[in-house]
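**Q** return a 3D structure for these sequence lines:
(one chain, ligands or ions: 1)
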Amino acid sequence: AATPVSVIGLGRMGQALADAFLKAGHPTTVWNRTPSKADQLVAKGAALAGSVGEAVRPDSLTVLCLTDYAAVHELLAGDGVALSGTTWVNLTSGDSAQARDTARWAEEHGARYLDGAIMAVPPGIGTAEAVILHSGPQAEFDTHAPTLGALGTVTYLGADHGLAALYDVAGLAMMWSVLNAWLQGTALLRTVGVDAATYAPFARQIAAGVADWLPGYAEQIDRGAFPAEVSTLETDARAMTHLIEESDAAGVNAELPRLFKAMADRAIAAGHAEKQYPVLIEEFGTPRQA
Ligand code: NDP
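**A** The predicted structure follows:
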(Lines give C-alpha, C1' and ligand atoms only; values in the text may rest on other atoms or scores of the structure.)
Protein backbone atom coordinates (compact mmCIF):
# COMPACT_ATOMS: atom_id res chain seq x y z
CA ALA A 1 0.00 0.00 0.00
CA ALA A 2 1.17 3.55 -0.68
CA THR A 3 2.91 5.27 2.24
CA PRO A 4 0.72 7.73 4.16
CA VAL A 5 1.96 11.32 3.91
CA SER A 6 1.19 14.54 5.76
CA VAL A 7 1.70 17.87 4.06
CA ILE A 8 2.10 20.85 6.37
CA GLY A 9 1.82 24.23 4.66
CA LEU A 10 -0.70 24.61 1.84
CA GLY A 11 0.52 27.73 0.13
CA ARG A 12 1.02 27.76 -3.64
CA MET A 13 3.65 25.06 -3.45
CA GLY A 14 2.24 22.96 -0.59
CA GLN A 15 -1.11 22.61 -2.39
CA ALA A 16 0.67 21.32 -5.49
CA LEU A 17 2.66 18.83 -3.38
CA ALA A 18 -0.44 17.49 -1.63
CA ASP A 19 -2.28 17.27 -4.94
CA ALA A 20 0.55 15.21 -6.47
CA PHE A 21 0.54 12.81 -3.50
CA LEU A 22 -3.22 12.36 -3.84
CA LYS A 23 -2.92 11.71 -7.59
CA ALA A 24 -0.24 9.08 -6.89
CA GLY A 25 -2.61 7.33 -4.48
CA HIS A 26 -0.96 8.19 -1.16
CA PRO A 27 -3.29 8.55 1.84
CA THR A 28 -2.72 12.28 2.39
CA THR A 29 -3.28 14.29 5.54
CA VAL A 30 -3.00 18.07 5.27
CA TRP A 31 -2.69 20.96 7.69
CA ASN A 32 -2.50 24.70 7.09
CA ARG A 33 -2.63 27.70 9.43
CA THR A 34 -5.44 29.08 7.28
CA PRO A 35 -7.64 25.95 7.05
CA SER A 36 -9.67 27.10 4.01
CA LYS A 37 -6.66 26.46 1.77
CA ALA A 38 -7.28 22.75 2.35
CA ASP A 39 -10.83 22.81 0.90
CA GLN A 40 -10.00 21.71 -2.65
CA LEU A 41 -7.65 19.00 -1.40
CA VAL A 42 -10.25 17.68 1.02
CA ALA A 43 -12.73 17.53 -1.87
CA LYS A 44 -10.18 15.33 -3.68
CA GLY A 45 -9.82 12.96 -0.74
CA ALA A 46 -7.26 14.52 1.62
CA ALA A 47 -7.86 14.29 5.37
CA LEU A 48 -7.73 17.62 7.18
CA ALA A 49 -5.80 17.38 10.45
CA GLY A 50 -7.24 19.38 13.33
CA SER A 51 -3.75 20.28 14.58
CA VAL A 52 -0.09 20.00 13.61
CA GLY A 53 0.27 17.26 16.21
CA GLU A 54 -2.43 15.24 14.46
CA ALA A 55 -0.56 15.52 11.15
CA VAL A 56 2.95 14.71 12.41
CA ARG A 57 2.79 11.01 13.21
CA PRO A 58 5.29 8.15 13.28
CA ASP A 59 3.28 6.17 10.69
CA SER A 60 3.27 8.98 8.15
CA LEU A 61 5.97 10.82 6.19
CA THR A 62 5.69 14.54 7.01
CA VAL A 63 6.46 16.96 4.18
CA LEU A 64 6.89 20.58 5.23
CA CYS A 65 6.54 23.51 2.83
CA LEU A 66 6.28 26.82 4.63
CA THR A 67 7.53 30.34 4.01
CA ASP A 68 10.74 29.89 5.99
CA TYR A 69 12.52 27.78 8.59
CA ALA A 70 11.33 30.01 11.44
CA ALA A 71 7.77 28.92 10.62
CA VAL A 72 8.87 25.26 10.55
CA HIS A 73 10.42 25.53 14.01
CA GLU A 74 7.49 27.47 15.42
CA LEU A 75 5.02 24.82 14.28
CA LEU A 76 6.97 21.70 15.20
CA ALA A 77 7.96 23.06 18.62
CA GLY A 78 4.34 23.78 19.42
CA ASP A 79 2.29 22.17 22.19
CA GLY A 80 0.81 18.79 21.43
CA VAL A 81 3.37 17.83 18.77
CA ALA A 82 5.15 14.55 19.61
CA LEU A 83 8.23 14.38 17.42
CA SER A 84 9.91 11.17 18.56
CA GLY A 85 9.88 8.49 15.85
CA THR A 86 8.58 10.83 13.15
CA THR A 87 10.22 11.52 9.78
CA TRP A 88 10.21 14.94 8.10
CA VAL A 89 11.17 16.07 4.65
CA ASN A 90 11.53 19.84 4.70
CA LEU A 91 11.00 21.41 1.27
CA THR A 92 10.93 24.94 2.66
CA SER A 93 13.56 27.20 1.06
CA GLY A 94 16.36 28.24 3.37
CA ASP A 95 20.12 28.29 3.75
CA SER A 96 22.52 25.44 4.46
CA ALA A 97 23.10 26.48 8.10
CA GLN A 98 19.35 26.42 8.76
CA ALA A 99 19.14 22.96 7.19
CA ARG A 100 21.96 21.63 9.37
CA ASP A 101 20.51 23.24 12.53
CA THR A 102 17.12 21.74 11.80
CA ALA A 103 18.73 18.32 11.29
CA ARG A 104 20.43 18.58 14.70
CA TRP A 105 17.18 19.70 16.28
CA ALA A 106 15.30 16.77 14.71
CA GLU A 107 17.90 14.35 16.00
CA GLU A 108 17.66 15.77 19.53
CA HIS A 109 13.93 15.07 19.38
CA GLY A 110 14.35 11.53 18.08
CA ALA A 111 13.05 12.41 14.61
CA ARG A 112 14.52 11.55 11.19
CA TYR A 113 15.19 14.38 8.80
CA LEU A 114 15.82 15.00 5.13
CA ASP A 115 16.26 18.47 3.75
CA GLY A 116 15.15 19.35 0.24
CA ALA A 117 14.97 22.11 -2.33
CA ILE A 118 12.36 22.41 -5.05
CA MET A 119 13.77 23.56 -8.39
CA ALA A 120 10.35 23.98 -9.99
CA VAL A 121 7.17 26.03 -9.92
CA PRO A 122 3.88 24.62 -8.60
CA PRO A 123 2.33 23.68 -11.99
CA GLY A 124 5.34 21.41 -12.70
CA ILE A 125 4.98 19.40 -9.48
CA GLY A 126 4.02 15.79 -10.15
CA THR A 127 5.82 15.74 -13.52
CA ALA A 128 9.36 14.57 -14.35
CA GLU A 129 10.34 18.19 -15.14
CA ALA A 130 10.09 19.11 -11.45
CA VAL A 131 13.57 18.52 -10.05
CA ILE A 132 13.64 18.16 -6.29
CA LEU A 133 17.00 17.94 -4.55
CA HIS A 134 17.51 16.09 -1.27
CA SER A 135 20.28 15.85 1.29
CA GLY A 136 20.61 13.97 4.56
CA PRO A 137 21.12 10.33 5.51
CA GLN A 138 21.23 8.10 2.43
CA ALA A 139 19.24 5.31 4.11
CA GLU A 140 16.43 7.77 4.86
CA PHE A 141 16.41 8.97 1.27
CA ASP A 142 16.40 5.43 -0.11
CA THR A 143 13.44 4.52 2.11
CA HIS A 144 11.36 7.51 1.02
CA ALA A 145 12.48 8.05 -2.58
CA PRO A 146 9.56 6.01 -4.01
CA THR A 147 7.09 8.21 -2.10
CA LEU A 148 8.87 11.47 -2.89
CA GLY A 149 8.98 10.39 -6.55
CA ALA A 150 5.29 11.34 -6.76
CA LEU A 151 6.42 14.98 -6.66
CA GLY A 152 8.89 14.94 -9.54
CA THR A 153 12.42 13.82 -10.33
CA VAL A 154 14.05 13.31 -6.96
CA THR A 155 17.82 13.55 -6.70
CA TYR A 156 20.03 12.62 -3.77
CA LEU A 157 23.04 14.89 -3.22
CA GLY A 158 24.76 13.53 -0.11
CA ALA A 159 24.69 13.12 3.65
CA ASP A 160 25.43 16.78 4.52
CA HIS A 161 21.96 18.25 5.18
CA GLY A 162 23.15 21.63 3.84
CA LEU A 163 23.76 20.38 0.29
CA ALA A 164 20.24 20.86 -1.07
CA ALA A 165 20.23 24.53 0.01
CA LEU A 166 23.69 25.09 -1.49
CA TYR A 167 22.75 23.52 -4.83
CA ASP A 168 19.60 25.62 -4.75
CA VAL A 169 21.52 28.93 -4.55
CA ALA A 170 24.14 27.68 -7.02
CA GLY A 171 21.29 27.09 -9.46
CA LEU A 172 19.94 30.57 -8.80
CA ALA A 173 23.37 32.04 -9.61
CA MET A 174 23.18 30.28 -12.98
CA MET A 175 19.64 31.42 -13.61
CA TRP A 176 20.24 35.11 -12.85
CA SER A 177 23.55 35.16 -14.70
CA VAL A 178 21.99 33.82 -17.88
CA LEU A 179 19.01 36.17 -17.58
CA ASN A 180 21.17 39.22 -16.85
CA ALA A 181 23.49 38.46 -19.76
CA TRP A 182 20.48 38.15 -22.04
CA LEU A 183 19.00 41.41 -20.75
CA GLN A 184 22.33 43.19 -21.33
CA GLY A 185 22.38 42.10 -24.98
CA THR A 186 18.70 42.85 -25.42
CA ALA A 187 19.12 46.38 -24.04
CA LEU A 188 21.99 46.96 -26.45
CA LEU A 189 20.13 45.66 -29.52
CA ARG A 190 16.95 47.57 -28.69
CA THR A 191 18.88 50.81 -29.13
CA VAL A 192 19.03 50.01 -32.86
CA GLY A 193 15.44 48.79 -33.09
CA VAL A 194 16.02 45.02 -32.74
CA ASP A 195 13.25 43.77 -30.50
CA ALA A 196 13.67 41.23 -27.69
CA ALA A 197 11.85 38.49 -29.60
CA THR A 198 14.23 38.81 -32.54
CA TYR A 199 17.32 38.43 -30.38
CA ALA A 200 15.91 35.69 -28.08
CA PRO A 201 16.55 32.72 -30.43
CA PHE A 202 20.18 33.81 -30.98
CA ALA A 203 20.64 34.29 -27.24
CA ARG A 204 19.19 30.85 -26.59
CA GLN A 205 21.60 29.24 -29.02
CA ILE A 206 24.57 30.99 -27.41
CA ALA A 207 23.49 30.01 -23.90
CA ALA A 208 23.11 26.37 -25.00
CA GLY A 209 26.51 26.44 -26.73
CA VAL A 210 28.21 27.83 -23.62
CA ALA A 211 26.45 25.24 -21.46
CA ASP A 212 28.14 22.56 -23.58
CA TRP A 213 31.56 23.88 -22.49
CA LEU A 214 30.90 23.24 -18.82
CA PRO A 215 32.03 19.60 -18.53
CA GLY A 216 35.42 20.31 -20.16
CA TYR A 217 35.92 23.49 -18.16
CA ALA A 218 34.95 21.68 -14.96
CA GLU A 219 37.69 19.18 -15.67
CA GLN A 220 40.22 22.05 -15.88
CA ILE A 221 39.02 23.43 -12.54
CA ASP A 222 39.18 20.02 -10.86
CA ARG A 223 42.69 19.43 -12.27
CA GLY A 224 43.78 22.97 -11.38
CA ALA A 225 45.32 23.38 -14.86
CA PHE A 226 44.02 25.91 -17.39
CA PRO A 227 45.74 25.52 -20.76
CA ALA A 228 44.29 27.94 -23.34
CA GLU A 229 42.92 25.27 -25.67
CA VAL A 230 40.47 27.60 -27.45
CA SER A 231 41.30 31.13 -26.30
CA THR A 232 43.29 33.03 -23.70
CA LEU A 233 41.86 35.11 -20.89
CA GLU A 234 43.55 38.12 -22.50
CA THR A 235 41.51 37.60 -25.68
CA ASP A 236 38.34 37.41 -23.61
CA ALA A 237 39.29 40.59 -21.72
CA ARG A 238 39.71 42.49 -25.03
CA ALA A 239 36.22 41.39 -26.11
CA MET A 240 34.87 42.57 -22.74
CA THR A 241 36.24 46.01 -23.54
CA HIS A 242 34.21 45.99 -26.78
CA LEU A 243 31.06 45.12 -24.86
CA ILE A 244 31.69 47.93 -22.35
CA GLU A 245 32.45 50.47 -25.10
CA GLU A 246 29.39 49.49 -27.14
CA SER A 247 27.19 49.69 -24.04
CA ASP A 248 28.56 53.11 -23.06
CA ALA A 249 28.20 54.43 -26.62
CA ALA A 250 24.61 53.21 -26.83
CA GLY A 251 23.71 54.68 -23.43
CA VAL A 252 23.16 51.21 -21.96
CA ASN A 253 24.07 50.21 -18.39
CA ALA A 254 27.60 48.72 -18.41
CA GLU A 255 27.96 47.84 -14.71
CA LEU A 256 27.73 44.11 -15.34
CA PRO A 257 30.38 43.90 -18.10
CA ARG A 258 32.61 46.21 -16.00
CA LEU A 259 32.34 43.68 -13.19
CA PHE A 260 33.41 40.79 -15.50
CA LYS A 261 36.25 42.93 -16.79
CA ALA A 262 37.46 43.86 -13.30
CA MET A 263 37.62 40.16 -12.40
CA ALA A 264 39.44 39.25 -15.60
CA ASP A 265 41.89 42.14 -15.10
CA ARG A 266 42.73 40.98 -11.58
CA ALA A 267 43.37 37.45 -12.86
CA ILE A 268 45.56 38.86 -15.64
CA ALA A 269 47.47 40.95 -13.09
CA ALA A 270 47.97 37.74 -11.10
CA GLY A 271 49.74 36.25 -14.13
CA HIS A 272 46.89 34.33 -15.82
CA ALA A 273 46.72 36.23 -19.15
CA GLU A 274 47.69 33.17 -21.21
CA LYS A 275 45.34 30.77 -19.43
CA GLN A 276 41.79 29.77 -20.28
CA TYR A 277 38.67 31.43 -18.86
CA PRO A 278 37.91 29.02 -15.97
CA VAL A 279 41.10 30.22 -14.24
CA LEU A 280 38.71 32.90 -12.92
CA ILE A 281 37.56 30.31 -10.37
CA GLU A 282 40.33 31.79 -8.20
CA GLU A 283 38.60 35.19 -8.35
CA PHE A 284 35.28 33.59 -7.42
CA GLY A 285 36.96 31.82 -4.52
CA THR A 286 38.11 35.13 -3.02
CA PRO A 287 35.69 37.10 -0.83
CA ARG A 288 35.15 40.73 -1.92
CA GLN A 289 32.55 43.40 -1.24
CA ALA A 290 30.70 44.87 -4.22
P1 NDP B 1 3.05 30.82 -0.03
O2 NDP B 1 3.29 32.20 0.44
O3 NDP B 1 2.05 30.58 -1.08
O4 NDP B 1 2.69 29.89 1.23
C5 NDP B 1 3.35 30.02 2.47
C6 NDP B 1 2.85 28.95 3.42
O7 NDP B 1 3.54 29.06 4.67
C8 NDP B 1 1.36 29.06 3.72
O9 NDP B 1 0.85 27.77 3.88
C10 NDP B 1 1.38 29.81 5.06
O11 NDP B 1 0.21 29.61 5.81
C12 NDP B 1 2.55 29.15 5.70
N13 NDP B 1 3.14 29.88 6.84
C14 NDP B 1 3.97 30.95 6.78
N15 NDP B 1 4.31 31.35 8.02
C16 NDP B 1 3.67 30.51 8.88
C17 NDP B 1 3.65 30.40 10.28
N18 NDP B 1 4.33 31.24 11.06
N19 NDP B 1 2.90 29.43 10.82
C20 NDP B 1 2.21 28.57 10.04
N21 NDP B 1 2.20 28.61 8.69
C22 NDP B 1 2.93 29.58 8.12
O23 NDP B 1 4.49 30.29 -0.47
P24 NDP B 1 4.85 29.07 -1.46
O25 NDP B 1 3.94 27.94 -1.21
O26 NDP B 1 5.00 29.60 -2.83
O27 NDP B 1 6.31 28.73 -0.94
C28 NDP B 1 6.51 27.85 0.16
C29 NDP B 1 8.00 27.43 0.15
O30 NDP B 1 8.28 26.77 -1.09
C31 NDP B 1 8.93 28.65 0.25
O32 NDP B 1 10.02 28.33 1.08
C33 NDP B 1 9.36 28.83 -1.18
O34 NDP B 1 10.62 29.46 -1.29
C35 NDP B 1 9.40 27.39 -1.69
N36 NDP B 1 9.32 27.33 -3.15
C37 NDP B 1 8.28 27.92 -3.83
C38 NDP B 1 8.26 27.95 -5.21
C39 NDP B 1 7.14 28.57 -5.96
O40 NDP B 1 7.27 28.69 -7.20
N41 NDP B 1 6.04 28.95 -5.32
C42 NDP B 1 9.39 27.35 -5.98
C43 NDP B 1 10.38 26.69 -5.19
C44 NDP B 1 10.36 26.72 -3.81
P45 NDP B 1 -1.11 30.54 5.56
O46 NDP B 1 -1.77 29.95 4.33
O47 NDP B 1 -1.90 30.39 6.80
O48 NDP B 1 -0.60 31.94 5.33
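**Q** which elements pack onto the helix or strand harbouring residue 244?
**A** Using DSSP states H and E, residue 244 falls within helix 233-250. In terms of contacts (3 or more Cβ pairs under 8 Å, 6 or more residues apart in numbering; DSSP states H and E), helix 233-250 is packed against helix 163-190, helix 255-267. Bear in mind the C-beta positions are built from the backbone N, C-alpha and C, glycine included.
**Q** repeat the analysis, applying 6 Å as the threshold.
**A** helix 255-267 (3 or more Cβ pairs under 6 Å, 6 or more residues apart in numbering; DSSP states H and E).
**Q** contact residues of the protein facing the ligand?
**A** Within the chain, the positions adjacent to the ligand are 9-14, 32-34, 37, 65-67, 71, 74-75, 92-93, 118, 121-122 by Cβ under 6 Å from any ligand atom.
**Q** can you do 5 Å?
**A** Within the chain, the positions adjacent to the ligand are 9, 11-13, 32-34, 65-67, 71, 92-93, 118, 121 by Cβ under 5 Å from any ligand atom.
**Q** looking at the stretch 151-290 of the chain, which residue is nearest the ligand?
**A** Nearest to the ligand, among the residues of the stretch 151-290 of the chain, is residue 168, at 8.3 Å (Cβ to the nearest ligand atom).
**Q** contacting residues around the closest residue to that residue other than its chain neighbours?
**A** Distances taken as Cβ to Cβ, 6 or more residues apart in numbering place residue 117 nearest to residue 168, at 3.8 Å, with adjacent residues excluded. By Cβ atoms under 6 Å, 6 or more residues apart in numbering, the contact list for residue 117 reads 133, 164, 168.
**Q** the residue lying closest to residue 186 once chain neighbours are set aside: neighbour count?
**A** Using Cβ to Cβ, 6+ apart and skipping residues adjacent in sequence, the residue nearest residue 186 is residue 196, 4.9 Å away. Number of residues near residue 196 (other Cβ atoms under 10 Å) recorded here: 14.
**Q** how about residue 155?
**A** By other Cβ under 10 Å, neighbour count at residue 155 equals 17.
**Q** quick check: it is in a helix.
**A** No. Going by DSSP: H, G, I helix; E, B strand; the rest coil, the assignment for residue 155 is strand, not a helix.
**Q** that one contacts residue 133, correct?
**A** Yes. At 5.3 Å, residue 155 counts as touching residue 133 under the criterion of Cβ atoms under 6 Å.
**Q** shouldn't the residue nearest to residue 168 be within a helix?
**A** No. Counting by three-state DSSP, residue 117 is not found in a helix; it is strand.
**Q** dig out what it forms beta bridges with.
**A** residue 133 (DSSP bridges).
**Q** checking residue 88 next. Helix, strand or coil?
**A** Secondary structure, three-state DSSP: residue 88 is strand.
**Q** nearest spatial neighbour of residue 66, skipping sequence neighbours?
**A** residue 9 (4.1 Å).
**Q** isn't that neighbour right up against residue 62?
**A** No. Using Cβ under 6 Å, residue 9 is not in contact with residue 62; the gap is 10.5 Å.
**Q** ok, so of the residues of the chain next to the ligand, who is nearest residue 49?
**A** Comparing the residues of the chain next to the ligand against residue 49 with Cβ to Cβ places residue 32 closest, at 9.4 Å.
**Q** report the separation between the closest one and residue 17.
**A** Look at residue 32 and residue 17: by Cβ to Cβ, to the nearest Å, they are 12 Å apart.
**Q** for the ligand, what's its nearest residue on the stretch 1-150 of the chain.
**A** The nearest approach of the stretch 1-150 of the chain to the ligand comes at residue 11, 1.8 Å away (Cβ to the nearest ligand atom).
**Q** any idea of the pLDDT on that residue?
**A** Residue 11 carries a pLDDT value of 98.
**Q** and residue 257, by the same measure?
**A** For residue 257, pLDDT reads 97.
**Q** next, count neighbours for it.
**A** 22.
**Q** does it touch residue 244 like I think?
**A** Yes. Residue 257 lies in contact with residue 244 (Cβ under 6 Å); the separation is 4.9 Å.
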